[in-house]
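Undergrad: build me a model:
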Amino acid sequence: MKVTAQMVKELRERTGAPMMDCKNTLVEAGGDMDKAIELLRTKGLAAAAKKAGRATAEGAVASYIHAGGKIGVLVEVNCETDFVARTDEFQALVRDIAMHIAASDPRFINRDEVTGADLDAERRIYRQQALDEGKPEKIVDRIVEGKLEKFYGQTVLLEQPFVKDPDKSVGDLVADKVGTIGENIQIRRFTRYVLGEGVEKRVEDFAAEVAAAGGG
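TA: As a prediction, the model looks like this:
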């Protein structure tokens, strides 16, 4: 199939990849748009892996406020140069990540942040659930490991489905941007605020303290 300028334009709009990369990938894919998108994503992941060791001392902090001021997020995303940090494409990525965190409530950035204590607690819960459901002991461990994978997908930011495109993970989103921007990009840290979170517990604790002191 002949690759037309319109096809190149469409691929660029759908992936954000440089124009020449879009053209060459469409040629490689024989004009198949879906295959070209898959190839670009694969190349982006490879590029991300090569750049992962580079220092990321620049970047941006973004905020996102959602639900009428009831949820707020601050996130720091790093890149290699101030030039890239100031580009619209990078700034849009940081805002998208902040919005995703507000919507999806991750607990960790990557699997390395999940502690052994967290995993042990989840394993105990999943094991007991499986046994309570009458699952045979010989398959319980396999069930537990399968549920742990779901746990990662629900709580680890880089493994969560991206809210604006659930067909890709947040990790895929970052890897795609590494491929198009050409620099290492790392999500360094984030904080998510929920209005009133923990207040009820503090009030109850205060009431208990007052009662224990004989004031209630």
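Undergrad: got the residue ranges for the strands in this protein?
TA: Per DSSP state E, the chain carries strands over the ranges 58-66, 71-79, 161-162, 165-169, 186-194.
Undergrad: Arg14: which of the ones you listed is closest?
TA: With Cβ to Cβ as the measure, strand 165-169 is the member of the strands of the chain nearest Arg14 (10.2 Å). Yep, even glycine has a C-beta here, placed from its N, CA and C like the rest.
Undergrad: what comes into contact with the closest one?
TA: Strand 165-169 has contacts (Cβ atoms under 8 Å, 6 or more residues apart in numbering) with Arg41, Leu158, Glu159, Gln160, Pro161, Phe162, Leu173, Asp176.
Undergrad: so which bits of it are buried?
TA: Neighbour-count burial for strand 165-169, counted by 16 or more other Cβ atoms under 10 Å, picks out Ser169.
Undergrad: what do you get for stretch 173-188?
TA: Under 16+ other Cβ under 10 Å, the buried positions of stretch 173-188 are 173-181, 183-187.
Undergrad: in helices, which of those fall?
TA: Leu173, Val174, Ala175, Asp176, Lys177, Val178, Gly179, Thr180, Ile181 (DSSP state H).
Undergrad: and Glu76, how close does it get to Lys177?
TA: 16 Å (Cβ to Cβ, to the nearest Å).
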